[in-house]
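>>> What would the 3D arrangement of this be:
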Amino acid sequence: MMRAFLMAVMMLLPSGAMAQDDMIDASAVEACFAQSDPSSAACIGDAADTCQTTQPQGQTTVGISECAMAEHAVWDDILNREYGNLRDAFSDRPALAKQLLSAQRAWILFRDADCGLAYDRYDGGSMRVIAAAYCKLQHTARRALDLRDMQGG
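Alright, predicted model coming up:
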């Protein structure tokens, strides 16, 4: 399912579209991540929304998906950084580090299955690409925040 989604997205993207660094203000995503209050998740997707208004094709299905994927890429970098930080924090507790790895692998399977469902719900319609891209963005951002918050406890 998710493989079909990724292939569909790749076929829709114009060449060079993967150079997403200039599409999203990564500092805005980092600022969203840095918020420590419980409502910090409210800013997830804001950079993608801004992208849609500033990119030439931002209001098209492909443009909306590209913007969501560009913000997702920033959150994915943050997630990987936070995972590494947490793994390092558990370095003196190998059993806990192993459990973290197991939990992360299970989370990836859940995210992919959930976003595959979001994709498949639209039965071939163009909205499926947008739904799956935003699903992956939301899951990844929330997991990054969860990993950050685990380091405090």
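>>> and Ala106, how far is that from Ala41?
21 Å (Cβ to Cβ, to the nearest Å). No exception for glycine: its C-beta is placed from N, CA and C like everyone else's.
>>> Those two - which one has more neighbours?
Ala41 (14 against 10; other Cβ atoms under 10 Å).
>>> mind checking pLDDT for the more buried one?
At Ala41, the pLDDT value in this model is 83.
>>> So it sits against Leu145, correct?
Yes: between Ala41 and Leu145 there is a contact under Cβ atoms under 8 Å: 6.4 Å.
>>> Which stretches in the protein count as helices?
2-12, 26-34, 46-54, 61-89, 94-120, 127-150 (DSSP state H).
>>> what residue ranges in the chain score low on pLDDT?
Where the chain drops to pLDDT under 70, the residues are 1-21, 38-40, 153.
>>> One more pass at 50, please.
Within the chain, the stretches with pLDDT under 50 are 5-19.
>>> For Leu137, give me its contacts.
44-45, 48, 68-69, 71-72, 75 (Cβ atoms under 8 Å, 6 or more residues apart in numbering).
>>> Which residue comes closest to it once chain neighbours are left out?
His72 (4.3 Å; Cβ to Cβ, 6 or more residues apart in numbering).
>>> ok, the one you found - how many residues close by?
For His72, the count of nearby residues is 26 (other Cβ under 10 Å).
>>> now it: how far from Arg93?
His72 is 31 Å from Arg93, where distance means Cβ to Cβ.
>>> Gln104 too?
Gln104 is 16 Å from Arg93, by Cβ to Cβ.
>>> repeat for Gly63
45 Å.
>>> Neighbour count for those two, which is higher?
Higher neighbour count among Gly63 and Arg93: Gly63, with 18 against 11, using other Cβ under 10 Å.
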